[in-house]
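Asker: Here is a sequence with its predicted model. Questions after.
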Amino acid sequence: MNIVSKLTLRHIMGHKRRSLLTVMAIIVSVAMVTAVFTSIFSFLRFLLNSTIAYDGSWHAQLQYNAKPDTAQFTSDEYEFYMNSALCEMRYDKDVTTDKGRTQIDVADPGVIEMRSIKILEGKFPEKENELLITKKYIERNKLTWKLGDTVRVYCEAGDGNGERKGEYREFVICAIAEGNVSFFDYRNGIVAITGRNAQTNYNWNVNVRYKNLDKGIYKKVDALVKNTGAFNQRYNSELLNFSGLMSDGVKTALTSFVAVLLIVIVAASVIMIYDSFAVSYQERERYLGMLASVGATRRQKRFSIYFEGLILAAIGIPLGILSGIAGMAVTFKCIEKDFLSTVSIPIQDTLKVHINIWVVIGTVLVSALTIFISCYIPARRASKTSPIAAIKGTNTVKVKKAGKLRVSGLTKKLYGYEGELAVKNFKRNGRRSRTIIFALVVSVVLFLSATNFSQIFGELVKQSIGEGSADFTMNLYAKDSAKVQEYLDGANIDGYYGEDIEFAYLKDSGILTGKAKENFDAGKNGTEILLYFMDNASFDAYAKSLGEDPASYHVKGSVKAILYDCVGEYLNRKLQKTNAFNSDTTGKQITVCLSQYDEQLREYVAGTAVTITAGKLTRKDYDSFLFMLKYELRPAFILPFDALAEVLPQDPVVTYGVFARDYETEKNKLEERFSGEGMFLNIQENAAELQQLNALIRIVKVFIYGFITLITLIAIINIINSIANSMNERRTEFAMLKSVGVTPKGFKKMIYVECARYGIHALLWSLPVSALLHYLMYRSLVMVETLDIPFKIYWVYDIAAIVAVFAVILLSLIYSADKIKSRTIIEDLKSD
Amino acid sequence: MKVLETVDLCKTYGSGDTMVKALDNVSFSVERGEFLAIVGPSGSGKSTLMHILGGVDTPTSGSAIIDGTDISKLDETALAIFRRRQIGLVYQFYNLIPILTVEENLTLPLLLDGRKPDKRQLDNIIDRLGLRERLTHLPSQLSGGQQQRVSIGRALINNPALMLADEPTGNLDSANSREIISLLRKFNKELGQTVIIITHDENIALSADRLIEIRDGRIVRDERRA
């Protein structure tokens, strides 16, 4: 080891407390970088594992009109399995419930592994009459089927000519499988492909999984589609996303999010770590000068600081990575329950810290860069240390020209002579007091920005799900709505509404105006509009609020609608709305064509035509859970439920929203009441969804506050360090002041005034900067969503920041003053 | 043989009305093996001269040639290396590095050069300085006289062309002062070491072979005694 490194090492050992503080700052910084990388990597990994557990590990699915020739799929690059729907199966012909009707497929054995199917007992079907069935199907339908049983079920399938034919078939149950994977969402059974010539009357899928998953997959699949005559392909896009093959947009968003986080962390850390090295340099300036006088070169002096950085990094980085990983493990444990509740897929995995060598390498690189930047300026300053400065001992706080230290008369009056001394000290400290103030400003700005962000984010989330949304919603056929409403009218609830949205096309541009007329596509379907149906009572209230006679909208044999007279477009991220219809439209007969899905064209086309009388034109908003006119870009026809039967050819599924304080009880009562009727009723709890969103907000807050606590911690460590150091340097001066008769009270006063000075300067910078950032954040977050969140200042946090700033400074001043007090005047005077 | 020659050495501080001429056209030369004392009142410019000769400060104009090298023309790195190989500096306040042992402080210029000390040379110096028992001590464990002896040893370790001592006894009592001067004298006599001492002390000045007096940045007296 050469003499300079030896000297540096000894200096580090000799200043254990300061070196420890620097190492701590490095650890916190590295831990934060580790946390960013590992949490993102672990989340992606968790989502990937969950996706594989639920959706399977297939990459792409190619769809064919008829069974393709398997000889076409011989490449070594991928594995595949084939499947096709065989028929709709019911355990009995008369079964009408959704639970009892299911689809069974024919498939290759490869389906088991590639769709993560778990066979509980038995083995995969090998013959045409063997059936794999899910436990879910058996349990839900309360069947007594067991492995090995021969079951007689009713199978119904299209015959390829648009007719459906049913027959009873017998199967031997050869396997019972767990039903909680996406493959079994709407099918519950698999029959083997017997022989390569098995035929079905449905589309065939070839599901492929490549051995090497990379960006090239899209091209490879496209080529496969072309060569094998598939009519369509789809991807396991979640799996591809979580494997890192996300779309450019998502990738850019994720990368820039990570970049912003890293920049903030690195910038904050550099400020803190730099300060440590700067102080260390000041302590060493004298002997660096001595070294220079006996012939140390610039490089050797510079090296001394870099070597200190290297040593402290060698200790701090590994510890930082370890504590970052440990920190994430604890954090994951804490947010696990909340996090799992925000993921809608069934969970097979828990949230675990996944470590990847690239994550570690990335962290080390970022941290090393941070430390290098922090050392750079002190190292440059060290290289310039002149021997003379060291020999003359001019390394303490420099005094500027006397004029620059002038103190205003007001200060003298206010604080007396001790106050004047304090202000002079503050001014003399120059760069050092600027560093302390800067550290304070950064902490305050980060703290306030983080709290403001989480407040805005919270309100955004709350608003976007709609505060007025119902506690639970349910779907049912319109024909059943009368009896459900009758029940609801008598139930112990706060209110309900019913609604249905259908899409239709306006084929005649005659009544359109402005933007709506421009949007009219004569060649295609015309202009898309919404048919929005409300339950009669809600509709009548809405009509009345517009000054209309509700009765005129309920005339049997004719359909009359209120026209929502708006067409919207986003201009400069703001929703601009203009009138859609000519003002003389009211009273006219308008023909609209219902939107229908064309199986051949695989798209929506204009179908059945209906004539509707135009009622009142309005731009009055009406918001409900399903429907927010405020954000709607298309014009709408608003109708009562009475018109459903007249407009729609089939009985539609409508949605009801129910408000109830004790929503759980009411939901159960309702389910019980209608369970025996064999009617379709699907209930979802929105309150649960709200809880999920609250969980999400909590997770975001855990991360933000964790982050902010760490940054503030380094800041405080550093400020205490800086102040203590500067007080220590002025020891002789303090002793001299005491020796000429400054009382302990006066001394305290001096400290307080200096402290106030730091605090006021820090706040003068940080509060306006935070306010500006707050406003920018508000603009960029809220304007995108075009939500009505007013700009709010969260005073509590501002006050907290102000109190904290003074507390930190006061604490560190008292701490260092206390250390000085314990020494005698003579000791200090002699020490130089 | 000339070991040092200065030609019209000038050093000014500030500019305009506040300009101070610390050195004003100082020219003199020193032969190998001379023992020279530079005297003068405070602010006369003798420390400035010393710093320039020691290569830790640069002249405003003029040149200082040591052992054939014009040090005012060297860049910073070359000057640093020249300093550690050709010049030995002794200061009033010793300027030892507090966290290095006596032995390490002694050999510092060699260690900075990445060289191993010559054992015989080192032993020779240690014995002459009487520091054998103190090699593993830190400077804070030594008396002032002992510390100054370490700094003399450090200055001599490289067999420098020139040894410069700035008020080497300024911080010592008279007994220690006498001891230090006799040590310097001994190295001058026995090893032929060229020594330049800056001092206030009349007695020390009188014991030198040659005396240069500086006043207001100019040489006002230059006399040989031997």
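Answerer: Perfect, thanks for sending it.

Asker: Give the full set of residues in contact with A:Arg164.
Answerer: By Cβ atoms under 8 Å, 6 or more residues apart in numbering or on different chains, the contact list for A:Arg164 reads A:Glu156, A:Ala157, A:Gly158. Placement of C-beta: from N, CA and C, glycine included.

Asker: residue ranges with poor pLDDT in chain B?
Answerer: The model of chain B has pLDDT under 70 over residues B:226.

Asker: in it, which residue is closest to the centre?
Answerer: B:Leu164 (1.3 Å; Cα atoms, centre = their mean).

Asker: who does it bridge with?
Answerer: Beta-bridge partners for B:Leu164, by DSSP bridges, are B:Leu89, B:Ile196.

Asker: about what we covered before: restrict the contacts of A:Arg164 to contacts with chain B.
Answerer: Contacts with chain B within the contacts of A:Arg164, counted by Cβ under 8 Å from any Cβ of the partner chain: none were found.

Asker: Now which of these would you call buried?
Answerer: A:Ala157 (16 or more other Cβ atoms under 10 Å in any protein chain shown).

Asker: Adding pLDDT, distance to A:Ala368 and secondary structure, write the contacts of A:Arg164 out as TSV.
Answerer: As requested, the contacts of A:Arg164 are arranged in TSV below (pLDDT from 0 to 100; distance: Cβ to Cβ, whole Å; DSSP: H, G, I helix; E, B strand; the rest coil):
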residue	pLDDT	distance to A:Ala368	secondary structure
A:Glu156	86	67	strand
A:Ala157	84	65	strand
A:Gly158	78	65	strand
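
Asker: elements contacting the helix or strand harbouring B:Phe28?
Answerer: Following DSSP states H and E, one finds B:Phe28 within strand B:20-31. If contacts are counted by 3 or more Cβ pairs under 8 Å, 6 or more residues apart in numbering or on different chains; DSSP states H and E, strand B:20-31 sits against strand B:2-13, helix B:46-53, strand B:61-66, strand B:218-224.

Asker: which residues sit against the third one?
Answerer: Contacts made with strand B:61-66 from outside it, assessed by Cβ under 8 Å, 6+ apart, are listed as B:2-10, B:25-27, B:52-53, B:70-73, B:82, B:86-87, B:161-162.

Asker: if we go to 10 Å?
Answerer: Here strand B:61-66 makes contact (Cβ atoms under 10 Å, 6 or more residues apart in numbering or on different chains) with B:2-12, B:23, B:25-27, B:29-30, B:49, B:52-55, B:58, B:70-73, B:82-83, B:86-87, B:160-162, B:194.

Asker: out of these, which are buried?
Answerer: B:3-4, B:6-7, B:9-11, B:23, B:26, B:30, B:49, B:52-55, B:71-72, B:82-83, B:86-87, B:160-162, B:194.

Asker: ok, A:Ser367 touching A:Leu319?
Answerer: No: with contacts defined as Cβ atoms under 10 Å, A:Ser367 does not count as touching A:Leu319, sitting 11.1 Å away.

Asker: Looking at the two, which is more packed in?
Answerer: Neighbour totals were compared for A:Ser367 and A:Leu319, and A:Ser367 leads with 28 against 16 (other Cβ atoms under 10 Å in any protein chain shown).

Asker: what packs against the helix or strand that one falls within?
Answerer: Per DSSP H and E, A:Ser367 falls inside helix A:357-383. Packing contacts for helix A:357-383, counted by 3 or more Cβ pairs under 10 Å, 6 or more residues apart in numbering or on different chains; DSSP states H and E, involve helix A:16-55, helix A:248-293, helix A:298-342.

Asker: Dump these into JSON lines; add mean pLDDT and distance to chain B as well.
Answerer: Shown next, in JSON lines, are those (pLDDT from 0 to 100; distance: least, Cβ to the nearest Cβ, whole Å):
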{"stretch": "helix A:16-55", "mean pLDDT": "85", "distance to chain B": "13"}
{"stretch": "helix A:248-293", "mean pLDDT": "79", "distance to chain B": "5"}
{"stretch": "helix A:298-342", "mean pLDDT": "87", "distance to chain B": "6"}
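
Asker: buried residues in the helix holding A:Ser367?
Answerer: A:359-360, A:362-364, A:366-367, A:370-371, A:374-376, A:378-379, A:381-383.

Asker: Just want the residue of chain B that's nearest chain A.
Answerer: B:Arg84 (2.3 Å; Cβ to the nearest Cβ).

Asker: Is it correct that that residue is in contact with A:Ala296?
Answerer: Yes: at 7.6 Å, B:Arg84 and A:Ala296 qualify as touching, with contact defined as Cβ under 10 Å.

Asker: ok now the longest helix along chain B, how far from the chain's centre?
Answerer: In chain B, assigned by DSSP state H, the helix with the most residues is helix B:174-191. On the basis of Cα atoms, centre = their mean, to the nearest Å, helix B:174-191 is displaced by 14 Å from the centre of the chain it belongs to.
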